[in-house]
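Undergrad: here's my sequence, what's the structure:
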Amino acid sequence: MANSIKGIRTIALVGQAGSGKTTLAEALLAKAGAVHAAGSVERGTTICDYAPGEKQLRHSLKLAVASFEAKNGGDPTRVHLLDTPGYPDFLGHALPALAAVETAAIVINAQNGIEMMTSRFMQYAQKRGLDRMIIVNKIDGINVDCEDLLARIQETFGKECLPINLPAGDRTRVSDCFFAPSGEADFSSVEEAHRRLVEQVVEVDEALTEKYLEKGEVTPEELHEPLEQAMREGHLIPVVFTSARTGAGIAELLEVIVKLLANPTEGNPPVYVSTPRGSDGDIEELTAIPDPNKHALAHVFKIETDPYIGRIAVFRVHQGRLTPNMQLYVGDSRKPIKPSHLYMLRGKTQTEVQEAIPGDICAIARIEEIQFDQILHDSPDDAHLHTRPLELPTSVFGLAVLPKKRGDEQKVSDVLHKIAAEDPCFRIEHHAQTNETVMRGLGEMHLKATLDKMASQYRLELDTRPPSVPFRETIGSKAEGHSRHKKQTGGAGQFGEVYLRVEPLARGKGFEFVDAVKGGTIPKQFIPSVEKGVRHVLETGFVAGFPLQDVRVTVYDGKTHPVDSKDVAFMSAGRKAFLDALAKARPIVLEPIVNVEILTPEEKMGDIAGELSAHRGHVRGSDSPRPGLLQISAQAPLSELENFPARLKSITAGRGSYNLEFSHYEAAPPLLQQKLQAAHRPQAEAE
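TA: Residues are numbered from 1 along each chain as shown. Now for the predicted structure:
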């Protein structure tokens, strides 16, 4: 671990499932000499897909780290390679990788071209300010047209996507367009590709542009720094061609990683957010400095629970130096921890190390306090720091679950919470009114993988059924409410009076509680009790028993009694005043609307559009990722999609696939609102 910071590279392999990311990781590990021979996805022998479910399904289910040393003449370069799943159902395991690296490598299957997740990962990486490169894999495939694919990449993502190498020898090897631009290529010319690359890079450096115009050439050494700047600014997105199966272009890719990609001092630095301790003060954005001599800051981007070792927290060091047995703090906790070991990871293999410096990706085991997305730091003064949050998709696909075996309820709860700690897109809900425990994920495949894991790793079998749809309630207009709670029981009584107003907020804004009481008509110590009473109604709803959202409640007046006023009185008055206001504020039921991405044979477009239309959905657009296949973008109410998987399978004869993503809430149709209110009325009357 004696490498300098400049000798570290961090790169995440992201992209559509089936693009060959895991096989590519194996090829790079083998080429660097980190393993004797590349493993096989088909045989279940890869470093990164080590979980039983991954070996059985032959695709990645979670984020894996594979760190290795790559020789480069002088000191070796330490490469932290992150392999991610490509199905949209597992974005909760893929997107955190982008918080841990300088470079996102978007891998494209040369046979399939630009697919749905290709574009999404390009956008995710751009939004986080990462250097981006494109790896066109599987160039040895049948009917692959690399020239046409490069043109489509440039058309889709911009002319800044330029090849650093080109396929040659009928796609059996590649020709370098950067370091030694003199070979032949299957299309275009190496010299022309080199010229375009140089002209794109020198544009970010005025002095180098002048030199290039005068002399007509610059050396690769002179291009290194401006090339990294061009990548950092999104002015250049290098494209490399490879075949992980045959090895074509793998040595050249490794050379690009070592010689051209950003080290931790070069990429756009991660943004930390400083949250003030009190209610006063502005939120500040701070930049971590990749200096091992400063105080330590590290971000936990992956949690894994090993059945033998326990919790493993994987983190990226952004600032300072971590060593075994040093005192660290977790998030805003004031209680320090002292991890006795630091590990570097290669799949499930853990190698103990004596330090971790900025750029390193390491792990700590057996410390249960560490949670996903927390900061590890060595000073209690940094308790208010956290990283810019990841924008993760909302989990809307749900299953209500019950243990098959009586008495397993507590074990099921414990295991579900362990899985939720590992996966930021997996949620558990308990609905008291329906007595349902619901697990929510990003799709059918996501929850099936979770059930399979519970069965194989924890020996738990669950019964499942469709859950209640997560409807919500809100209000349509402003209104005022009032309540006086007065109770006399012989001794000291109870008294509290509250006046409040309610008003609707924009969709997705949640809830706001405003204390606008003047002159102490409600003493400050009773305001939290009023809010508690209001929040009780938020949870139980008003018209149909669903949680209320997008509401502002302003308490502006009230009365108190010097002896009889108590917390319980103001809690009751706050609750009843809120109910009084809601009755006048045109309460409505909201239903969740989801984005639906459907992949279907082209000839089934009409049937799919008709199916969606019959269930209050509508097609928003379509695209053809490859001949004969159509990708449909649509929106529909979640309540209408309960049997959609079976209907899609029937329409497409099993050849269609889909995924859901939460979009927004909107008012449910009047007939549905009436139905939900009627269903809730008997229960409300019983209470």
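Undergrad: and Pro307, what's its pLDDT?
TA: Looking at Pro307, its pLDDT is 78.
Undergrad: could you do Ile337 as well?
TA: Value for Ile337, per-residue pLDDT: 92.
Undergrad: show me what contacts Lys302?
TA: Leu63, Val65, His93, Pro96, Ala313, Val314, Phe372 (CB atoms under 8 Å, 6 or more residues apart in numbering). Quick note: C-beta positions are derived from backbone N, CA and C, even for glycine.
Undergrad: list phi and psi for it.
TA: Here is the backbone geometry of Lys302 (degrees, to the nearest 10): phi -150, psi 130.
Undergrad: so how far is Phe426 from it?
TA: 14 Å (CB to CB, to the nearest Å).
Undergrad: returning to what we had before: name the member of the contacts of Lys302 with the most neighbours.
TA: Taking other CB atoms under 10 Å as the neighbour criterion, Pro96 ranks highest of these with 27 neighbours.
Undergrad: from Glu69, how far out is the closest residue to that one other than its chain neighbours?
TA: Take Pro96 and drop its neighbours on the chain: the residue closest to it by CB to CB, 6 or more residues apart in numbering is Phe301, 4.3 Å away. Separation of Phe301 from Glu69 (CB to CB): 22 Å.
Undergrad: for the two, indicate the residue with more neighbours.
TA: Phe301 (26 against 15).
Undergrad: quick check: Glu539 vs Arg472, distance?
TA: Distance from Glu539 to Arg472, by CB to CB: 12 Å.
Undergrad: which neighbours do the two share?
TA: Common neighbours of Glu539 and Arg472 (CB under 8 Å, 6+ apart) are Pro547.
Undergrad: so for these two, which residue has more residues nearby?
TA: The residue with more neighbours, out of Glu539 and Arg472, is Arg472; 19 against 11, by other CB under 10 Å.
Undergrad: show me what contacts that one?
TA: Contacts of Arg472 (CB under 8 Å, 6+ apart): Phe546, Pro547, Leu548, Gln549, Val589, Leu590, Pro592, Tyr665.
Undergrad: for it, what are phi and psi?
TA: Taking degrees, to the nearest 10 as the convention, Arg472 sits at phi -130, psi 170.
Undergrad: what's the distance between it and Glu642?
TA: Arg472 is 18 Å from Glu642, by CB to CB.
Undergrad: give me the neighbour count for the nearest residue to Arg316 once chain neighbours are set aside.
TA: Excluding the flanking residues, the one nearest Arg316 by CB to CB, 6+ apart is Ala100, at 4.0 Å. By the measure other CB under 10 Å, the count of residues near Ala100 is 24.
Undergrad: right, and Ala100 touches Val14 too?
TA: No - the criterion here is CB atoms under 8 Å, and Ala100 misses it with Val14 at 11.9 Å.
Undergrad: other SSEs contacting the biggest strand by length in the chain?
TA: Longest among the strand segments of the chain by residue count, using DSSP state E, is strand 587-601. In terms of contacts (3 or more CB pairs under 8 Å, 6 or more residues apart in numbering; DSSP states H and E), strand 587-601 is packed against strand 472-475, helix 605-614, strand 629-637, helix 644-651, strand 657-667, helix 670-686.
Undergrad: and that strand with helix 670-686, angle?
TA: Orientation of strand 587-601 against helix 670-686 (axes from the mean of the first three to the mean of the last three CA atoms, to 10 degrees) gives an angle of 130 degrees.
Undergrad: what pairs with strand 587-601, and is each one parallel or antiparallel?
TA: strand 472-475 (antiparallel), strand 629-637 (antiparallel), strand 657-667 (antiparallel) (DSSP bridges).
Undergrad: measure stretch 92-111 end to end?
TA: 27 Å (CA to CA, to the nearest Å).
Undergrad: surely Phe90 is within a helix?
TA: Yes - counting by DSSP: H, G, I helix; E, B strand; the rest coil, Phe90 falls inside a helix.
Undergrad: give me the pLDDT value at it.
TA: pLDDT at Phe90 comes out at 94.
Undergrad: check contacts around it.
TA: Ser60, Leu61, Lys62, Leu442, Met445, His446, Ala449.
Undergrad: go again using 10 Å as the cut-off
TA: Phe90 makes contacts with 17, 59-63, 84, 423, 425, 441-443, 445-446, 449, as judged by CB atoms under 10 Å, 6 or more residues apart in numbering.
Undergrad: and for Ala100 and Val14, which residues touch both?
TA: Leu82.
Undergrad: list the contacts for Val239?
TA: 106, 108, 133-136, 146, 149-150, 153-154, 157, 161-166, 177, 193.
Undergrad: re the thing from before, any idea which of the strands paired with strand 587-601 is most buried?
TA: Of all the strands paired with strand 587-601, strand 472-475 has the most neighbours on average by mean count of other CB atoms under 10 Å, namely a mean of 23.
Undergrad: after that one, next one along is what?
TA: With elements assigned by DSSP states H and E, the helix or strand that comes after strand 472-475 is strand 479-487.
Undergrad: now do the buried residues in that following strand.
TA: By 16 or more other CB atoms under 10 Å, the buried positions in strand 479-487 come out as Ala479, Gly481, Ser483, Arg484, His485.
Undergrad: again, but for stretch 127-141
TA: 128-140.
Undergrad: same question for stretch 610-621.
TA: Those would be Glu611, Leu612, Arg616, Gly617, Val619, for stretch 610-621 by 16+ other CB under 10 Å.
Undergrad: isn't the second one right next to Thr600, touching?
TA: Which is Leu612. No - with contact defined as CB atoms under 10 Å, Leu612 does not count as touching Thr600 (11.4 Å).
Undergrad: what about the nearest residue to Lys604 once chain neighbours are set aside, how many residues nearby?
TA: Leaving out its chain neighbours, the residue that sits closest to Lys604 by CB to CB, 6+ apart is Thr652, at 5.3 Å. Thr652 has 19 neighbours, counted by other CB under 10 Å.
Undergrad: so where is the protein shaky, pLDDT-wise?
TA: 1-3, 72-74, 276-282, 432-434, 489-491, 682-687 (pLDDT under 70).
Undergrad: quick one: the strands paired with strand 587-601 as a markdown table, columns for distance to Leu505 too.
TA: A markdown table is the format used below for the strands paired with strand 587-601 (distance: least, CB to CB, whole Å):
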| stretch | distance to Leu505 |
| --- | --- |
| strand 472-475 | 8 |
| strand 629-637 | 22 |
| strand 657-667 | 12 |
